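In: what's the 3D shape of this:
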Amino acid sequence: MGKQIVILGSGTAGTMTANRLRRAYDESGLRITVVDQNDVHVYQPGLLFVPFGLAQPHALVRSRPRQLHDGIDYRRAHIDRVDLAGQVVHFAVGGWLAYDVLVVATGARLLPDETEGLTGPGWGESVFTFYDLPGAVDLHQALERFEGGRVVIDMVDLPVKCPVAPLEFAFLADWYFQRRGIRDKVRLTYATPLDAAFTKPVAARELGGLLERKGIELVTEFALGEVDGEGGRLVSYDERELPFDLAVVVPLHGGAEYVERSPGLGDELGFVPVDPHTLQLPDHPDVFAIGDAAGLPASKAGSVAHFEGEVLVHNIGRFLAGRPLDASFDGHTNCFVETGFHKALLIDFNYETEPLPGHYPASVGLPLLKESRANHFGKLAFEWLYWHGLLPGRDVPGIASAMPRHGKQSLPV
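Out: Numbering: from 1, shown residues only. Here you go, the predicted model:
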């Protein structure tokens, strides 16, 4: 009988991993079971566009098990905990599932209740998030009603899913209000706990300059401590205040709840602290993590899960064969940053190399750190690629797991 691989989570990372494994190994050599608590697979990059009427909510949702290849078992269940010593996953309503290899791919969850007042008065009326589908839909309705005032976009803290998305929201809001003819009545503010617009210096300079050119106020080192929905104020821990008429807040993120109930599995935030290059949990070599669930010094973005997947599937095979693992994942990340007016810029980086100007994936390709229509169309095309290429576990020709160095300028300009 073949080995049992259990994958917890059937979002982007879990689905890609299961499909890659099924393509790589026949059913006699590997049994694959995917566990998730519901049947709703959401195309999360599309959530950014819903508030502006640029994407329809129903088009972003598909069935989870229908994205899995034949020969993969799907089990719908709430996970209670993982017994690492016994190699068993326990379910909340009874039952269990043993594994030879466990892959944690349950992503990140929103923790709005961790910020004082965020879900209190004003929540869903003047205070919103677009990081889940109901919130994005509610925000769309609020924006349609909005006739002027101060809009504050705030990211509570890192890590968050797709850390460029709050910036993209600010850029698209500028475009949206211009299209409606009320931009002169709207004050846009982008607040961040970082000391710049982004985490990496070269990209921070470019993105910060873009905010300035679009007339979007940047407030740095703003660590949100309280939301006063009735008074229309965001209050930082150092008691600075940002008044608002409409607040768009990206809540704190954490790992799945069951991770916290599983001794030895997660860190203090509920993410799984795997080796940054092999994706293996050091004290439990039969456990791996991928995507947003992994506690890595990399962005929590769909591209990261895709690039991790090639290394992860290779390493699961090496682990089962008793061979040394491949320590080749370099933190490769790339993101299209939508900037409005049918333009976007592209950033590409890894653990060691920050986003730099140039082209991707080689010296002839999409421009990096530069607005272009080509990048915008690249972002739009990604949705088709997501459903028909990445989720099915296919490799993309010319796009490798390791970050390409050709085409990048060695020094910032």
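
In: touching, Asp326 and Asn315? I think so.
Out: Yes - here Asp326 reaches Asn315: they are 5.6 Å apart, a contact under CB atoms under 8 Å. No exception for glycine: its C-beta is placed from N, CA and C like everyone else's.

In: shared neighbours of the two, which are they?
Out: Taking CB atoms under 8 Å, 6 or more residues apart in numbering as the criterion, Asp326 and Asn315 both touch Thr278.

In: neighbour count winner among these two?
Out: Here Asp326 and Asn315 are compared on neighbour count by other CB atoms under 10 Å; more neighbours surround Asn315, at 24 against 16.

In: grab the nearest non-local neighbour of that one.
Out: Closest residue to Asn315 in three dimensions, ignoring its sequence neighbours and counting by CB to CB, 6 or more residues apart in numbering: Leu325, at 4.7 Å.

In: mind telling me what element the one you found is part of?
Out: For Leu325, there is no host helix or strand (DSSP states H and E).

In: what's the answer for Gly208, then?
Out: Secondary structure here is read from DSSP H and E; on that basis Gly208 sits in helix 201-213.

In: report the mean per-residue pLDDT for that helix.
Out: Confidence over helix 201-213, taken as the mean pLDDT, stands at 94.

In: now stretch 326-344
Out: What stretch 326-344 shows for mean pLDDT is 96.

In: what residues sit buried inside it?
Out: Across stretch 326-344, burial judged by 16 or more other CB atoms under 10 Å covers 326, 329-341, 343-344.

In: what do you get for stretch 282-302?
Out: For stretch 282-302, the buried set under the neighbour-count rule, 16+ other CB under 10 Å, comprises 284, 287-296, 298-302.

In: over to stretch 80-94?
Out: Of the residues in stretch 80-94, those with enough neighbours to count as buried (16+ other CB under 10 Å) are Asp80, Arg81, Val82, Asp83, Leu84, Gln87, Val89, His90, Phe91.

In: closest one to Gly255 out of those residues, please.
Out: Among those, Val82 lies closest to Gly255 (CB to CB), at 12.2 Å.

In: I'd assumed Ala256 was in contact with the closest one.
Out: No - at 10.3 Å, Val82 and Ala256 do not qualify as touching, with contact defined as CB under 8 Å.

In: please, where are all the strands along the stretch 251-400 of the chain?
Out: Under the criterion DSSP state E, counting those that start in this stretch, the stretch 251-400 of the chain carries strands at the ranges 253-254, 280-281, 284-289, 333-340, 343-349, 358-360, 366-368.

In: sorry, that was for the stretch 51-200 of the chain
Out: Shown for the stretch 51-200 of the chain, the strands assigned by DSSP E, counting those that start in this stretch span residues 61-63, 72-76, 79-83, 88-91, 96-98, 101-104, 109-110, 127-128, 149-155, 186-191.

In: which one of those lies nearest to His359?
Out: In this view, these are compared for proximity to His359 by CB to CB, and strand 186-191 is the closest at 27.8 Å.

In: next one: the closest one to chain centre, how far?
Out: Averaging C-alpha coordinates over strand 186-191 and over its chain gives two centres that are 23 Å apart (CA atoms, centre = their mean, to the nearest Å).

In: same check, this time on stretch 352-366
Out: Between the mean C-alpha location of stretch 352-366 and the chain-wide mean there is a distance of 21 Å, by CA atoms, centre = their mean.

In: may I see the buried residues of it?
Out: Under the neighbour-count rule (16+ other CB under 10 Å), stretch 352-366 has Thr353, Glu354, Pro355, Leu356, Pro357, Gly358, His359, Tyr360, Pro361, Gly365, Leu366 buried.
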